[in-house]
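# Have a look at this prediction, sequence included:
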Amino acid sequence: MQPLAQSVLLVVIAAGLAASLPASSGGGAGSDGAALGPEPRTLRACPLGDPRTDCRYRGLQEALAAALPGDQVILAPGLYEEGAIVATPDLVLRGEPGAHLRGHAVDGKAALVVKADRVVIEGIECSNIAVGDNNGACIRIEGDDLTVRNVHFHDNQEGILSGPGGGVLVVEGSLLERNGFGGQAHGVYIGATIEIFIFRDNRVLATTGAGHGIKSRAQRTIVENNVIAGLDGHDSRAIDIPNGGEVVIRGNVLEKGRNSANGEMIGLALEGGLHDVNETLIEGNLFVFDTLPEGLLQDLAQAVGLLPAKGTVIRSRSPGQVILESNTIVGARDIADGVVIERDNRVHRSRSEAGLPPYPALPQAAG
């Protein structure tokens, strides 16, 4: 696991630096004094039909059509009942508080179909996206190196869905609620063309439609410092990594709700072809299994098929090393289904034994 830990550290540092750097202004001069291009602009848009006069652009699509590489498109507060294709690279699309995309997909795919590279999307709300194939998403990724920050996704078939896009995907500081549909759409669904998927400091709550909170086929998946909770949603796994790869799951609060369609919190390498490298570290997480009813009644109900079996921390078919270390596990019936190395985990039978408040309260950090 040491090479994996080192590579993940380098990836996180590089991604953090890339995310923190401002878009290149292009307004300076190169080493020979030649101009690099126009200064980036800020393009402010109001919703279609909005009477305000402080926006040059009417609607999301008009502003994006006028944008040049390096520009920043700002969405004023209001309801945007339209979707758009993001085709300009090195663009920042930022919503002011109250900017809400609702109910409209483009290309039969998503509210925002990101075809350009190195785009940043932040500060918007997005809801009620549905399409005919039941994979309607707020954001569909068809370009490389996307950053999503402080976005509120709720009541969609899918929050984020990747298409042919690749590179590094960073999702941070966002809230995903009640997304999912029919077991095929999830809170976040990342395909195998994504090289590195970093999911940190987010909340994924009450995923529905038997969807997973996160499903990632990326070559490297890093899930850190999130709250992923089924609560009263009809979800499946909290995290599903079907093709394996290099995986770090660290410092999360993971909760299995009472209505879950799946008893497993994490699934690893359970479907499809595997990546060439398969190494997994699961450390410092809080796992909470909330089941109803409890005790003998639950055992009898499961025996006759009235309730799904609940309470397995990880089901793994990975051929590589899987380490489950320094986690707190509350209410699990089983720790692992598969070959897993267990170290220094703390196991409690119930919330009360672990010193946690009653359901549905959730700690916001694993520590």
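Alright, I've got the coordinates. In this text the structure is predicted, and so the values were computed from the model without any measurement.
# Return the list of helices and strands in contact with the strand or helix carrying Ile160.
Element membership for Ile160 (DSSP states H and E) is strand 158-162. Identification of packing neighbours for strand 158-162 by 3 or more Cβ pairs under 8 Å, 6 or more residues apart in numbering; DSSP states H and E yields strand 137-141, strand 188-190. In this view, the C-beta of every residue, glycine as well, is placed from N, C-alpha and C.
# Give the partner strands of the first one in its sheet and their orientations.
Sheet neighbours of strand 137-141, with direction, are listed as strand 110-114 (parallel), strand 158-162 (parallel) (DSSP bridges).
# Could you pull up the mean pLDDT of the last one?
Within the predicted structure, the mean pLDDT of strand 158-162 is 97.
# What lies in contact with it?
109-110, 129, 135-141, 148, 153, 169, 171, 176, 179-181, 185-191, 193-194 (Cβ atoms under 8 Å, 6 or more residues apart in numbering).
# just stretch 95-113 next, same as before
60, 74-86, 93, 121-133, 135-140, 142, 161, 163.
# Please list the members of those that lie in helices.
Among the contacts of stretch 95-113, the residues falling in helices (DSSP state H) are Leu60.
# ok, the host helix or strand of Ile222: who's next to it in the sheet?
For Ile222, the host element (DSSP H and E) is strand 220-224. Paired with strand 220-224 in the same sheet, following DSSP bridges, are strand 194-200 (parallel), strand 246-250 (parallel).
# re the thing from before, distance to Gly233 and mean neighbour count for the strands paired with strand 137-141 - can I get that in TSV?
Shown next, in TSV, are those (distance: least, Cβ to Cβ, whole Å; neighbours: other Cβ atoms under 10 Å):
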stretch	distance to Gly233	mean neighbour count
strand 110-114	22	27
strand 158-162	13	29
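# Distance to Glu246 added to these, as TSV?
What follows is the strands paired with strand 137-141, written out as TSV (distance: least, Cβ to Cβ, whole Å):
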stretch	distance to Glu246
strand 110-114	25
strand 158-162	17
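# Show me the one of the ones you listed that comes nearest Asp276.
Ranking the strands paired with strand 137-141 by proximity to Asp276 (Cβ to Cβ) places strand 158-162 first, at 19.8 Å.
# where do the helices sit along the stretch 201-350 of the chain?
Here the stretch 201-350 of the chain has its helices, by DSSP state H, counting those that start in this stretch, at 295-303.
# what about it, any weak spots by pLDDT?
Within the stretch 201-350 of the chain, the stretches with pLDDT under 70 are 292-299, 301-310.
# If you drop the residues flanking it in sequence, what lies closest to Val168?
Closest residue in space to Val168, ignoring its immediate chain neighbours: Ile196 at 4.6 Å, by Cβ to Cβ, 6 or more residues apart in numbering.
# Next, find the distance separating that neighbour from Thr208.
28 Å (Cβ to Cβ, to the nearest Å).
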